[in-house]
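*Asks:* Attaching a predicted model along with its sequence, questions to come.
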Amino acid sequence: MGDSEFVEQVLDTANESLENRYIKVKGYDFNRVVEHVAELLGMETEDILRSGKQQQTVKARSLVCFWANREFGMTTVDIAKRLNICQSAVTRSSLRGEKIAKDNQLALF
């Protein structure tokens, strides 16, 4: 069947997928991620979705990109369309968001 490391990796991936489905069923989706980030940073959701390069907006969008991509498995293309930015910007923002979340001990849940 395969070595144990491969089997564990497949099981972990399947488990993550099930967890993500459960989260979506509980009412978490892209819009809820945006709302959560707005709450965490004391912002309005409209400010996160509006274009701009203000420091707080960039921080918020980075967290949204990170959590939407990593926690929900949304594609960078879909996130880019929702935020009206290019796909490469989503990738860079996601990496920045991961660092922001880690450094500030922020969590989606």
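*Replies:* It's in. Quantities reported herein were computed from a predicted structural model and do not represent experimental measurements.
*Asks:* what's the helix or strand containing residue 65 in contact with?
*Replies:* Element membership for residue 65 (DSSP states H and E) is helix 55-70. Contact with helix 55-70 is made by 30, 33-34, 36-38, 40-41, 43, 47-48, 50, 74-76, 79, 83, 85, 90, 93-98, 100-101, 106, 108, as judged by C-beta atoms under 8 Å, 6 or more residues apart in numbering. Where you see a C-beta, it was placed from the backbone N, CA and C, and this is true even at glycine.
*Asks:* try 7 Å
*Replies:* 30, 33-34, 37, 41, 43, 47-48, 74, 76, 79, 83, 90, 93-94, 96-98, 100-101, 106, 108 (C-beta atoms under 7 Å, 6 or more residues apart in numbering).
*Asks:* Let's verify the closest residue to residue 84 other than its chain neighbours: helix, strand, or coil?
*Replies:* Closest residue in space to residue 84, ignoring its immediate chain neighbours: residue 51 at 6.2 Å, by C-beta to C-beta, 6 or more residues apart in numbering. Secondary structure assignment for residue 51 (DSSP: H, G, I helix; E, B strand; the rest coil): coil.
*Asks:* and residue 51, what pLDDT?
*Replies:* According to the prediction, residue 51 has pLDDT 85.
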